[in-house]
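Student: Give me a 3D structure for the following:
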Amino acid sequence: MARDAIVMQVWPTNLLGRTPAARLQMVNDLFNGGIIDRALYLRLLDAPDVDAETDLATAMQEVADEQIQALLDLDATLSPAKLRAAYAKSRPDAYQDLVYAMHRAQAHICLGKLRGVPGPILDLLRRFIEDAKTELDRPTQEAAAKQAAAAEEAKLNAQRQAAGQPGNLAPAPIAGSEQAPARPAQVAAPAAPTAPTAAA
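Tutor: Model (predicted):
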């Protein structure tokens, strides 16, 4: 084949989403591939910046991937104290997709075993999963603690009410009120003496 029969052209990589038809095709591909839901699909049809919306939709997953990658990039020869300090910067929190983070960390542990990732790094990934689970379970634990506290308070109130029944404890006087002194118990008057009767 002659050299002049081949024509090569260079196009910018971001040209695909420039034209309306290309943008529509991109949005359709994202929706058909299950990457975006119907609500976001309808928004992107009129959105001026598709990339900004897709970046926002995947932000929580990207945070987890960056956290895990930061742990994988650590030097395994660091002291345990330095590894703990470095881990604190990549610890998962409640404001990200914790389920996704746990699955990704677990997958990297399995992959790390196959590729010979050092043990200290794998331990950090295991700790990452445990901390993510702790954050994920925190609302349930807090709700259970509040429910237990409410049940204990109800039990104590029932005991107080039982102790304050008539005959056990007198009710406490209301502050600022005057109570009349208790009336003494009435004693029956002695019977009047009868006149002696004459003997027959």
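Student: Tell me which other helices or strands the longest helix anywhere in the chain touches.
Tutor: Looking across the chain with DSSP state H, the single longest helix is helix 119-163. Counting contacts by 3 or more C-beta pairs under 8 Å, 6 or more residues apart in numbering; DSSP states H and E, helix 119-163 packs against helix 59-72, helix 80-88, helix 98-115. Where you see a C-beta, it was placed from the backbone N, CA and C, and this is true even at glycine.
Student: And the last one, how far out from the chain middle?
Tutor: Centre-to-centre, helix 98-115 and its host chain are 21 Å apart (C-alpha atoms, centre = their mean, to the nearest Å).
Student: same deal with the second one?
Tutor: Using C-alpha atoms, centre = their mean, the mean C-alpha position of helix 80-88 is found 25 Å from that of the whole chain.
Student: and if you look at the first one?
Tutor: Its chain's C-alpha centre and that of helix 59-72 lie 19 Å apart, by C-alpha atoms, centre = their mean.
Student: Can you point out the buried residues in it?
Tutor: Val63, Ala64, Gln67, Ile68, Leu71 (16 or more other C-beta atoms under 10 Å).
Student: Give me the packing partners of the helix or strand of the chain with the lowest mean pLDDT, helices and strands only.
Tutor: Scoring the helices and strands of the chain by mean pLDDT, DSSP states H and E places helix 38-46 at the bottom, with a mean of 75. In terms of contacts (3+ C-beta pairs under 8 Å, 6+ apart), helix 38-46 is packed against helix 20-32, helix 50-57.
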